[in-house]
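Enquirer: Give me coordinates for this.
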Amino acid sequence: MTKQQTKTKFKQTEIGMIPEEWEVKELQSILQLLKDGTHNPPKRVNKGVRFIAGASDIKYKNIDFSNCTYITEEEYKKIHKYYTINEGDILLTIVGTVGNVALVKKEDLPFSLQRSIAVLRPKEELDNYYLFYFLTSDIFRNQMFSKINPTAQPGIYLGELGKIIVVYPQNITEQRAIAKILSDLDAKIELNQQMNKTLEAIGQAIFKHWFIDFEFPNEEGKPYKSSGGEMVYNEELGKEIPKEWGVGKLGELGIFKNGVNYLRDEIGDTEFFIVNVRDIANNKFLLKSSLDKIKLDYNKAKEYLLMEKDIIIARSACPGEVSLIFDSSDNVIYSGFSIRYRLNNPENWLYMFLILQNLKNSLSRFSIGTTLTSVNQETLRNMACIIPETNILRSFNSLVDYLYKKVKENLLESQTLSSIRDALLPKLMSGKIRVPVEAWA
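Expert: Next up, the predicted model:
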């Protein structure tokens, strides 16, 4: 215990006990800027200034521009006649999905936004990273959700948002120290995410080299096809494949099964973790602890229990997206909007998982119209894929297995770091854990 912790005295405030030397103020009093985006839908163009239209584009700490549209420079100037968005500003979603928070980075600029998103800029007395983390804390969120306007589209008015109480150390060095502890944890989680993207890209590259370009090592260790390896034409696939390789239907290699259908208010005798379509859309690899929990009767749910390395395919919403159950699957089931694929030979999970990740391209020709709207078992069962020679598959599994073990380690570590961050956050934001300022001065 530090000297600072032993000397801390607390005072009673509207939001509970906090250190005596901390400030308690309304949010609006410590902001230079509190504005929302445009209330009038702007005219969209093919190229121009990026425009964020909804809460789904505001991720934890980051802005996702992948689905953004564009507006003209003139439209941008009209919307931002009285304020601009700067590096370090904080975005908070206030309509629809309320409470998503992001920090504006230099590379994000310029952009504009819809009225469902508020822009917050603190005064000099408040560190913007400290305010970002405070906005993610229950101290803030409990106040915010109590003020939400209960209409068809939930939201909070800027006036009500500005009245929410913020607590913070008077000493800005202490604010920055608190934010640094939390941001260091986030930085390691983000690093793990980047590492996993790299590892997955390497796995995909090896898969393409071996099973699409057919440049797997021959008996002499040379690339098979470019070294004169014999290829034969396969009518079912409409292309040449290596001699001795086969072709099989997905239905011959494993079993497909639709997920469980249930009512939202259904209550049963057993608690289960459940894979929903949004989990499949957002994650290639699913850890049990990241899933929602529901209670269903065991007799109803037992035939939908998943096993580690089961592959889950979205039927609708994001049809053809694929995820893998990546850890202990005790009491994990999957919803009726998805399909489970369980291999007859689980040793080949890596190869089949990478095959199925390319489903959307293959499935598009089976859909009605130009947009893939749904996936069904019959279509999946009849899809053909290459079956490599057994020794080649074993070599591939051995080579790539290490990559995916590392992906799993990173996921588990990030999960632990997230738990530590979430446990520290309320204690740091209420002063129950103090950071020694002298160590950060």
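
Enquirer: all helices of the stretch 1-150 of the chain, in order?
Expert: Secondary structure of the stretch 1-150 of the chain (DSSP state H, counting those that start in this stretch): helices at 3-7, 73-79, 128-135, 138-146.

Enquirer: And the ones you listed: which comes nearest E14?
Expert: Evaluated over the helices of the stretch 1-150 of the chain, closeness to E14 peaks at helix 138-146, with 9.1 Å, by Cβ to Cβ. The way it works is simple: take the backbone N, C-alpha and C, and place the C-beta from them, glycine included.

Enquirer: same for the closest one, what does it pack against?
Expert: Contacts defined by 3 or more Cβ pairs under 8 Å, 6 or more residues apart in numbering; DSSP states H and E place helix 138-146 against strand 165-169, helix 390-430.

Enquirer: Neighbours of the closest residue to Q377 other than its chain neighbours, how many?
Expert: Nearest residue to Q377, sequence neighbours excluded (Cβ to Cβ, 6 or more residues apart in numbering): F256, at 4.5 Å. F256: 18 surrounding residues under other Cβ atoms under 10 Å.

Enquirer: Could you tell me the least trusted of the helices and strands packed on helix 138-146?
Expert: With a mean of 94, helix 390-430 has the lowest mean pLDDT of the helices and strands packed on helix 138-146.

Enquirer: Now do the same contact list for Q175.
Expert: Shown in contact with Q175 (Cβ atoms under 8 Å, 6 or more residues apart in numbering): 126-127, 130, 168-169.

Enquirer: Generate a ChimeraX selection restricted to the buried entries among those residues.
Expert: ChimeraX command restricting the contacts of Q175 to the buried ones, with burial defined by 16 or more other Cβ atoms under 10 Å:
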select :126,127,130,168,169
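
Enquirer: would a markdown table of the contacts of Q175 with distance to V435 be doable?
Expert: Output for the contacts of Q175, formatted as a markdown table (distance: Cβ to Cβ, whole Å):
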| residue | distance to V435 |
| --- | --- |
| L126 | 16 |
| D127 | 13 |
| Y130 | 11 |
| Y168 | 13 |
| P169 | 9 |
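
Enquirer: if we take the contacts of Q175, which one ends up nearest to Y402?
Expert: So of the contacts of Q175, ranked by how close each gets to Y402 (Cβ to Cβ), first place is Y130, at 40.5 Å.

Enquirer: And the residue nearest the centre of the chain?
Expert: Nearest to the mean C-alpha position of the chain, by Cα atoms, centre = their mean, lies N282 at 4.9 Å.

Enquirer: For that one, give me the pLDDT.
Expert: N282 carries a pLDDT value of 85.

Enquirer: Distance check, it against K208.
Expert: To K208, N282 is 24 Å away according to Cβ to Cβ, to the nearest Å.
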